[in-house]
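Undergrad: sharing a model that was predicted from the sequence below.
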Amino acid sequence: MPAPTEFLDFVDSNADAFIKRLGDAVAIPSISGEAAHREDVEKMAKWLDEQLTAVGVETKLVDLGDQTLPDGGKLKLPPALLGRIGSDPKKKTVLLYGHFDVQPARKEDGWDSDPFTLVVHEDGRLVGRGSTDDKGPILGWLNVLQYHFDHKKDLPVNLKFCFEGMEESGSDGLDDLVKKESQPGGWFHGADCVCISDNYWLNTRTPVLTYGLRGLTYFSIHVSGPSRDLHSGVFGRTVHEPMTDLIALMGKLVAGDGRILIPGVEEMVPPPTEEEKAIYERLDYSIEDIEESAGAKIAIADDKIDALMGRMRFPSLSLHGIEGAFDGSGAKTVIPAKVSGKFSIRLVPPQTPELIEPLVTFFLESEFAKLKSKNSLTVEHLHGGKPWVTDHNHWNFEAAKAATRAVYNREPDLTREGGSIPVTLTFADALGVNVLLLPMGRGDDGAHSTNEKLDRSNFIEGTKLLGTYLYEIAAVDQ
Ligand SMILES: C[C@H](N)C(=O)N[C@@H](Cc1c[nH]cn1)C(=O)O
Ligand SMILES: [Zn+2]
Ligand SMILES: [Zn+2]
């Protein structure tokens, strides 16, 4: 069933108002990973709640309790926002998920403009933190609802919503809520399929549907020694330095070519078959695409299939940062007393955080023992999520393929995503239904990075895609 032309025209003629609303959402710095911004995440939940209510959605904000911080302290979690509209038993019910929290961003990180002021560029870029991850896609759903509300049109399907404010920080508290609400009587019970719009195309040209995500396991390793920071002239070569030990340990985790050096981690993953390699060969992707979106000619692989498998089919380990190290300008001659190294591993089947964590801890402790340092090491596991892969021939995907053809006039690429959305597998297991990832943004959007953007055309055509997908779901003969 094609989406009404009136809907497509409505999206075009309201584009400026939709962009203005995206600007309002971006202006709320809902950074889940920074305690100082927790109130902003809550403010964002309330803003979105008002927007949904205004277009006829019944909502509820669910208190998720407290987050336990690494030092044992407590911090109130932002509420999850649930919604529903329509309960026609003759229609399919689609559960939509998105997140309204964002990654941290500071102008000093290298942004060309204030990260929390949406800047509309002449070339169509809408620059601001959360524009593509994940406020743009959430607002895409809102735009679809706006048309049906303004024109007093029934939606082609029943909709349920699950919007959260902790996705960028491990989705604390959400798994239990999803399991509870998927039981008979719960808000999600009876959903026929799930749609998540929270990832990206591979390149800047070809729309994609995504049938897999990597999992994640995140660590913070702490090395401490002196009771306070020391003068390096007075104590250098005299005491064991925590930073020296930490750098030595972090340097043992991953090779320059991306291979993970922790014994047992790579070995868990079966080698790809020739059939699998053929899937990657067909995707519209090139080494130039990677280098364009990375902003430099630094790709590890020369070969497209190796590059794609490095992102989708194999695990990866990234070093993220060191807390407690001197990071200011100037030349402070200090020996930091306690430093914490942050790294994470992206997981693929059959790896899980539970299988990987003991291998990491054993490896780090053995390597630390070899250093013969008198400092102390503790390994902390921060959060994790399992990888997910699903059937892309399901009717949920067929509907999205038809919608992509209708809006973009081309066949979508079928991809696995290198990133992680831990709740995906929870939805699939708790509801026993197919989950589809239907991304809005492009591969060069710079999610999590500086100058994050969403192109105007992706926001507007993406809104049409989301709406058309609902009409195609309604047309499915299942
Ligand atoms: C793919 C999604 N948009 C995303 O960015 N997910 C995050 C999830 C996460 C987990 N810990 C911190 N963030 C990601 O893949 O990094
Ligand atoms: Zn996201
Ligand atoms: Zn993200």
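TA: Received, thanks. Ligands and ions are numbered 1, 2, ... in the order given.
Undergrad: how much space between the residue lying closest to T450 once chain neighbours are set aside and G441?
TA: Spatial nearest neighbour of T450, excluding adjacent residues (CB to CB, 6 or more residues apart in numbering): G110 at 4.3 Å. C-beta coordinates here come from the backbone N, C-alpha and C atoms, glycine included. In this view, G110 and G441 are 20 Å apart by CB to CB, to the nearest Å.
Undergrad: looking at those two, which is more packed in?
TA: G441 (27 against 9; other CB atoms under 10 Å).
Undergrad: go ahead and confirm the more buried one touches D133.
TA: Yes - the criterion here is CB atoms under 8 Å, and G441 meets it with D133 at 7.5 Å.
Undergrad: quick one: common contacting residues for those two?
TA: Taking CB atoms under 8 Å, 6 or more residues apart in numbering as the contact criterion, the residues that touch both G441 and D133 are A447.
Undergrad: measure P137 to ligand 1 for me?
TA: When distance is defined by CB to the nearest ligand atom, to the nearest Å, P137 is 9 Å away from ligand 1.
Undergrad: look up phi and psi at the residue nearest to T450.
TA: In terms of degrees, to the nearest 10, the main-chain angles of G110 are phi 120, psi 10.
Undergrad: in this structure it contacts G295, no?
TA: No - G110 lies out of contact with G295 (CB under 8 Å); the separation is 10.7 Å.
Undergrad: show me how the chain divides into domains.
TA: The record's domain parsing of the chain by automatic domain parsing lists 5-213+388-475, 216-269+314-385.
Undergrad: in the helix or strand hosting E365, what counts as buried?
TA: Element membership for E365, per DSSP states H and E: helix 353-371. For helix 353-371, burial by neighbour count (16 or more other CB atoms under 10 Å) applies to 353, 356-357, 359-361, 363-364, 367-368.
Undergrad: nearest to ligand 1 among these?
TA: Nearest to ligand 1 out of these is P353 (CB to the nearest ligand atom; 11.3 Å).
Undergrad: report the contact partners of the closest one.
TA: P353 makes contact with 215-217, 347, 381, 384-386 under the criterion CB under 8 Å, 6+ apart.
Undergrad: distance of it relative to ligand 2?
TA: The gap separating P353 from ligand 2 is 19 Å, by CB to the ion, to the nearest Å.
Undergrad: can you pull the residues of the stretch 51-200 of the chain lying near ligand 2?
TA: Proximity of the stretch 51-200 of the chain to ligand 2 (CB under 5 Å from the ion) is limited to residues 133-134, 198.
Undergrad: can you tell me the SS state at the closest residue in space to I356 that isn't next to it in sequence?
TA: The shortest distance from I356 to any non-neighbouring residue, by CB to CB, 6+ apart, is to T217 (5.2 Å). What DSSP: H, G, I helix; E, B strand; the rest coil gives for T217 is strand.
Undergrad: any stretches of this protein with poor pLDDT?
TA: For the chain, no stretch has pLDDT under 70.
Undergrad: enumerate the residues of the stretch 201-350 of the chain near ligand 1.
TA: Within the stretch 201-350 of the chain, the positions adjacent to ligand 1 are L216 by CB under 6 Å from any ligand atom.
Undergrad: pick out the residue of the stretch 201-350 of the chain closest to ligand 2.
TA: Using CB to the ion, the point where the stretch 201-350 of the chain gets nearest to ligand 2 is L213, with a distance of 10.8 Å.
Undergrad: hang on, the earlier thing: which one of the contacts of P353 is nearest ligand 1?
TA: Ranked by distance to ligand 1 (CB to the nearest ligand atom), these are led by L216 at 5.2 Å.
Undergrad: counting neighbours, what do you get for the nearest residue to that closest one once chain neighbours are set aside?
TA: The spatial neighbour of L216 that comes closest, neighbours along the chain excluded (CB to CB, 6+ apart), is S420 at 4.1 Å. For S420, the number of neighbouring residues by other CB under 10 Å comes to 25.
Undergrad: I345 too?
TA: Neighbour count of I345, defined by other CB under 10 Å: 26.
Undergrad: now do P184
TA: 6.
Undergrad: assign K277 to helix, strand or coil.
TA: K277 is classified as helix under three-state DSSP.
Undergrad: ok now stretch 357-370, how far from the chain's centre?
TA: Relative to its chain's centre, stretch 357-370 lies at 29 Å (CA atoms, centre = their mean, to the nearest Å).
Undergrad: excluding chain neighbours, what is closest to whatever residue of the chain ends up closest to ligand 1?
TA: Per CB to the nearest ligand atom, G419 is where the chain lies closest to ligand 1, at 3.2 Å. Nearest-residue entry for G419: N199, 6.1 Å, with adjacent residues in sequence omitted and distances by CB to CB, 6+ apart.
Undergrad: isn't that neighbour up against T210?
TA: Yes - if you go by CB under 8 Å, N199 and T210 touch, sitting 5.6 Å apart.
Undergrad: using the centroid of this protein, identify the residue furthest from it.
TA: V234 (45.7 Å; CA atoms, centre = their mean).
Undergrad: what about it, which helix or strand?
TA: With DSSP H and E as the test, V234 turns up in helix 232-235.
Undergrad: if anything else comes up later, I'll come back, but that's it for now.
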